[in-house]
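Trainee: Predicted model, plus sequence, below.
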Amino acid sequence: MIFKRSKKLNTPKKEKSNIFLTVKNTAFMFKYVFKYTPMFFWITVFVATTNAVWQVLSSIVYIKYIFDAIETGKAFKEIAIVTGVFALLIVVVNILNKWFWNVYIYRIQLKLQEGMQGELYMKARSLDQSCYDNPEFYNDFVWAIRESDGRVWSMMIDFENFLAGILSSVGVLSILWSMDKLVALICCTVSVVNLLFGMLRNKINYAKQQENQKIIRKGDYIKRVFYLAEYAKEIRQGNISEHLEEEYTAVLESKVSLIKRFAKKIVPLNVVSSLLTNKLLEFGVMGYLVVQYVVNPNVSLGSFSVGVTAVFNLYDRLTSITYFVTRFNEHSLYVEKFKKFLNYEPKVVSGIIPANDFESLELVDVKFSYNGEDDVIDNVNLKINKGEKIAFVGYNGAGKTTLIKVIMRLYDVTSGVVLYNGTDIKEYDLSSYRNKIGAVFQDHKLFAATVAENVLGDTVENESDYMTAKEALEIADFPIEQKLKNGLDTILTKEYSKEGTELSGGEQQKIAIARVFAKKCDLMILDEPSSALDPIAEYKLNQAITEKTKDKTVIFISHRLSTTRMADRIYMFDNGKIIEEGNHEELINKNGKYAEMFKIQAKKYENEKASKH
Ligand code: ADP
């Protein structure tokens, strides 16, 4: 075992669950149903009503009629006609139900999905980068996106069953009332008791579900690690898979202890509720009905059998209503998370001025902290003018990438100001500002799309788009001919099809670099552009940057001092501060940290060369 096993999982803070919240959240989701599929709600109400009426007619009215007809000796022809009408109704109700459940509801699901997921995706785009740093927010977000597929749809299905249950219960109760008020009253009381127990049970289950969330989250993560390709190499090394298996066992143990803990509340509750509801009906009310039938000559066989059927029918319906109340509580939990995203107000707020072409970038006393305490960027002052080639260097964790994120306004400064063409970047319209900068990050990602789409970051519309993508790939020295079977239309990654092309780390990096060239921005930011490139590719990239970006401004972060050599100015970072500034010669002469870094690299290079000879 390489890590200490964490046996206990923290108990998450409980979320509020009450009936009002559930009703409010259900109404909130109905608004969405009305927004995207207005007819869905009314058709659901219609189907539920038809089903409820049919249930009462078939299970109570028809049975009473048959028994009474036999007892009073009604003509066979009349019984046959009534039975025929019922048979016809069965066919109609069945066709309606089959259409609703097998055709209509699936069509509607797609419409709802399209509308709601569309909204979530748009919202996801507007979330602050910092949301992804907050695991709780991020997990809820993942859950909301994953669930949005079918949640509203299944909520409406539950609503149909719930409504049909309520309507048919009211129907059955009124029939019972007209026959025997005492039995109807007992059934009403049992229903209320049943509902109260159900609500109590829901409350306990809700609390259980809340605690279960965190356990599920951890279990899901471990499962993902074992099936996602990106972990495949790591889990084949060392003892990490054993450790994860142990963690998974701990997850299962936590689940068992959770079940045990809640069973102590749920089991006694279920025993008492069963005695006061279905056992009372089974023995008490049943006994009463039998005695009535035997001693009271006015009670017909039809009334007796209707009484028996109605009591059990009612009990079944009420139990199912309680179940659906549980389901609505569950849906409400989802709606809370869904609302959390829709109501999220980004902290990085767009200004209104459209950004003009790049002239200068100035940072004045810039500080930034991720957690509000530790300054990752600490009082940085610098100015970059049009056409300059600037290098940010420094050891890992010095704050270089963070500074780029601050410049891109993925995060806002904690204090100080970033000026673009002399104006605070907060005043610019966010997307117009970001569009003026072409940036490639270390952890760039390729999409399951064609090469051209990956380079342009957009749909390819015409021949000139292809030309732009091709030129950009050539600058980045991507081997188009050798690598791309279908030219620029070659699909990347095997995400959708086995025909998709997988690229090496260096090739992927070249595509990411090509994106920056295709964007044709005056300000380019390259974070470790050559980290995955071999020395020849690195040399070619440096040449390309020098040749093709003569009039452009380039900021690059690089550990490769061969790259930083060509910079007009180098900023050496340490602990979020600029500790040295100047061009390569100046900094070497200074004999400070930069010179030290450079000498170590140069020595390493000499040693490698010597060992080859
Ligand atoms: P560099 O690019 O110089 O290697 P970074 O800017 O990536 O350094 O990181 C600077 C510091 O900020 C590091 O200590 C890192 O752990 C921290 N850091 C980076 N990203 C985050 C984040 N999303 N949340 C909290 N801390 C972060």
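Mentor: Now that the structure is in, tell me what you want to look at.
Trainee: Can I get stretch 195-206 in PDB? Just the C-alpha atoms.
Mentor: Presented in PDB, the C-alpha positions along stretch 195-206 are these (Å, rounded to 0.1, in the frame of the first residue of the first chain):
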ATOM      1  CA  LEU A 195     -49.100  10.000   3.400                       C
ATOM      2  CA  LEU A 196     -47.600  11.300   6.700                       C
ATOM      3  CA  PHE A 197     -45.500   8.200   7.000                       C
ATOM      4  CA  GLY A 198     -44.600   8.500   3.400                       C
ATOM      5  CA  MET A 199     -43.400  12.100   4.000                       C
ATOM      6  CA  LEU A 200     -41.400  11.000   7.000                       C
ATOM      7  CA  ARG A 201     -39.900   8.200   5.000                       C
ATOM      8  CA  ASN A 202     -39.000  10.600   2.200                       C
ATOM      9  CA  LYS A 203     -37.300  12.900   4.600                       C
ATOM     10  CA  ILE A 204     -35.100  10.000   5.900                       C
ATOM     11  CA  ASN A 205     -34.400   8.800   2.400                       C
ATOM     12  CA  TYR A 206     -33.500  12.300   1.200                       C
END
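Trainee: and it, which residues are buried?
Mentor: Using 16 or more other Cβ atoms under 10 Å as the test for burial, stretch 195-206 gives 197-198, 201-202, 205-206. Just so you know, the C-beta spots here come from the backbone N, C-alpha and C atoms, and that holds for glycine as well.
Trainee: So which bits of the chain are right by the ligand?
Mentor: Within the chain, the positions adjacent to the ligand are 133, 370, 376, 394, 396-402 by Cβ under 6 Å from any ligand atom.
Trainee: let's see 8 Å
Mentor: For the chain, the residues in contact with the ligand under the definition Cβ under 8 Å from any ligand atom are 129-130, 132-133, 370-371, 376, 392, 394-405, 442, 527, 557, 573, 576.
Trainee: pLDDT on the host helix or strand of Glu596, on average?
Mentor: For Glu596, the element it lies in under DSSP states H and E is helix 593-612. Per-residue pLDDT over helix 593-612 has a mean of 74.
Trainee: Mind checking which of the buried residues of stretch 195-206 land in strands?
Mentor: For those, membership in strands holds for none, with DSSP state E as the criterion.
Trainee: Inside helices: which ones of those residues?
Mentor: Members of these lying in helices (criterion: DSSP state H): 197-198, 201-202, 205-206.
Trainee: out of the residues you listed, which one sits closest to Ala469?
Mentor: Minimum separation from Ala469 among these (Cβ to Cβ) is found for Tyr206, which lies at 52.5 Å.
Trainee: doesn't Phe517 make contact with Leu456?
Mentor: No: counting by Cβ atoms under 8 Å, no contact exists between Leu456 and Phe517, whose distance comes to 11.0 Å.
Trainee: Looking at those two, which one has more neighbours?
Mentor: For the pair Leu456 and Phe517, the greater number of neighbours falls to Phe517 (25 against 22), based on other Cβ atoms under 10 Å.
Trainee: gap between the more buried one and the ligand?
Mentor: Separation of Phe517 from the ligand (Cβ to the nearest ligand atom, to the nearest Å): 23 Å.
Trainee: per-residue pLDDT, that residue?
Mentor: We have a pLDDT of 89 for Phe517.
Trainee: Do a quick rundown of the strands in the protein.
Mentor: Per DSSP E, the chain has strands spanning 360-368, 377-385, 389-394, 415-420, 423-424, 437-440, 523-527, 553-557, 569-574, 577-582. These are given in chain order.
Trainee: Buried ones in the third one, by neighbour count?
Mentor: Neighbour-count burial for strand 389-394 flags 389-394 (criterion: 16+ other Cβ under 10 Å).
Trainee: Widest-spaced pair of those?
Mentor: Lys389 and Gly394 (17.3 Å).
Trainee: Tell me the spacing between the most centrally placed residue in the chain and the ligand.
Mentor: Residue closest to the average C-alpha location in the chain (Cα atoms, centre = their mean): Val142, at 2.4 Å. Shown here: Val142 relative to the ligand, a distance of 17 Å by Cβ to the nearest ligand atom.
Trainee: next one: Val256
Mentor: According to Cβ to the nearest ligand atom, Val256 stands 35 Å off from the ligand.
Trainee: Share the number of residues neighbouring that residue, please.
Mentor: For Val256, which is what you asked about, the neighbour count (other Cβ under 10 Å) is 9.
Trainee: can you check Cys131 too?
Mentor: The criterion is other Cβ under 10 Å. On that basis, Cys131 has 17 neighbouring residues.
Trainee: Next: Asn591.
Mentor: Burial of Asn591 is recorded as 10 neighbouring residues (other Cβ under 10 Å).
Trainee: and if you look at Leu492?
Mentor: Summarising burial for Leu492: neighbours were counted as other Cβ under 10 Å, giving 21.
Trainee: do Lys520 as well
Mentor: 12.
Trainee: Which single residue of the stretch 1-150 of the chain ends up nearest the ligand?
Mentor: Taking Cβ to the nearest ligand atom as the measure, the point where the stretch 1-150 of the chain comes nearest the ligand is Asp133, at 4.2 Å.
Trainee: Repeat that for the stretch 151-300 of the chain.
Mentor: Of the residues in the stretch 151-300 of the chain, the one nearest the ligand is Tyr221, at a distance of 18.3 Å by Cβ to the nearest ligand atom.
Trainee: Tell me the one among the buried residues of strand 389-394 nearest to the ligand.
Mentor: Scanning the buried residues of strand 389-394 for proximity to the ligand, where the rule is Cβ to the nearest ligand atom, the winner is Gly394, at 5.5 Å.
Trainee: and the gap between the residue nearest to the closest one when sequence neighbours are not counted and Arg317?
Mentor: Nearest residue to Gly394 in three dimensions, chain neighbours excluded: Phe573, at 3.5 Å (Cβ to Cβ, 6 or more residues apart in numbering). Taken as Cβ to Cβ, to the nearest Å, the spacing of Phe573 relative to Arg317 amounts to 70 Å.
Trainee: cool, Asn591 as well?
Mentor: Using Cβ to Cβ, one gets 87 Å for the distance from Asn591 to Arg317.
Trainee: can you check Phe262 too?
Mentor: As for Phe262, its distance to Arg317 is 27 Å (criterion: Cβ to Cβ).
Trainee: Check Thr563 too.
Mentor: Thr563 sits 74 Å away from Arg317, going by Cβ to Cβ.
Trainee: again, but for Arg569
Mentor: Arg569 is 78 Å from Arg317, where distance means Cβ to Cβ.
Trainee: With neighbour numbers in mind, choose between those two.
Mentor: Legend: neighbour count by other Cβ under 10 Å for Arg569 and Arg317, higher for Arg317 (23 against 18).
Trainee: Burial check on Ala518, number of neighbours?
Mentor: The number of residues packed near Ala518 is 24, by other Cβ under 10 Å.
Trainee: contacting residues for the nearest residue in space to Leu488 that is not next to it in sequence?
Mentor: By the measure of Cβ to Cβ, 6+ apart, the closest residue to Leu488 outside its immediate chain neighbours is Ala452, 4.0 Å from it. By Cβ atoms under 8 Å, 6 or more residues apart in numbering, the contact set of Ala452 is 460, 465-466, 469, 488-489.
Trainee: and which of those is nearest to the ligand?
Mentor: Of all those, the one sitting nearest the ligand is Ala469; the distance, using Cβ to the nearest ligand atom, is 28.9 Å.
Trainee: Contacts only, for that closest one.
Mentor: By Cβ under 8 Å, 6+ apart, the residues touching Ala469 are 451-452, 455-456, 460, 488, 514, 518.
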